[in-house]
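Trainee: Show me the folded form of this:
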Amino acid sequence: LMIRVSGLMNRQLEFDLRPLKVSFQHWRVLAVLAQKNGSSITDLSEYAVVPHSSLSRLLSRMEADGYVRRQIDAQDARTVRLYTTPLGEDMYRRILPMAVAIRERALAGMSAAQKTNLLELMNHMLERMQAPLGA
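Mentor: Below is the predicted model of the structure:
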């Protein structure tokens, strides 16, 4: 059920993004970097829920389009950090109201308490799934 709801929301946003010539995966990367600018590719892959191999190609396109830039980590030269550019930040701000509208459509008719409860339950589920196996 969660997959169906998420899939429908994602498809709607993907459709809404077509005129901007960006994909839903672009949005995921920009949304993560809006919260965690300077993420490593590994962390970005985890938070954006994009496989590492797909993310590498996506980041190359996003870098070529001017949305993100890569920078070698000052403490660990083996690690690349990703940052949004001003163009990427602008695109994030353009997409955010679209994503919020879709979320609000999905939550329409719920009370504030139900919305809070849903968020708490989803955070609980996320914590359980991130816990080591058998915990």
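Trainee: The chain: strands as residue ranges?
Mentor: Ranges of strands in the chain, per DSSP state E, are 39-40, 68-72, 80-84.
Trainee: How about residues contacting the second one?
Mentor: Identification of contacts with strand 68-72 by C-beta atoms under 8 Å, 6 or more residues apart in numbering yields 29, 33, 59, 62-63, 79-85, 88. Yep, even glycine has a C-beta here, placed from its N, CA and C like the rest.
Trainee: now this structure, which segments are flagged as low pLDDT?
Mentor: Applying pLDDT under 70 to the chain picks out residues 134-135.
Trainee: how close does the residue most central in space within it get to Met62?
Mentor: Residue closest to the average C-alpha location in the chain (C-alpha atoms, centre = their mean): Arg28, at 2.6 Å. For Arg28, the distance to Met62 under the criterion C-beta to C-beta, to the nearest Å works out to 11 Å.
Trainee: how many neighbours does Leu33 have?
Mentor: Using other C-beta atoms under 10 Å, Leu33 has 23 neighbouring residues.
Trainee: Buried ones in stretch 38-52, by neighbour count?
Mentor: Buried residues in stretch 38-52, defined by neighbour count with 16 or more other C-beta atoms under 10 Å: Ser39, Ser40, Ile41, Leu44, Ser45, Tyr47, Ala48, Val50.
Trainee: In helices only, show me the residues you listed.
Mentor: When the buried residues of stretch 38-52 are checked against helices using DSSP state H, the ones located there are Ile41, Leu44, Ser45, Tyr47, Ala48.
Trainee: one step back: let me have the contacts of strand 68-72 in a markdown table, extended by distance to Val100.
Mentor: As requested, those are arranged in a markdown table below (distance: C-beta to C-beta, whole Å):
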| residue | distance to Val100 |
| --- | --- |
| Val29 | 18 |
| Leu33 | 18 |
| Leu59 | 25 |
| Met62 | 22 |
| Glu63 | 27 |
| Thr79 | 32 |
| Val80 | 30 |
| Arg81 | 27 |
| Leu82 | 24 |
| Tyr83 | 24 |
| Thr84 | 19 |
| Thr85 | 23 |
| Gly88 | 18 |
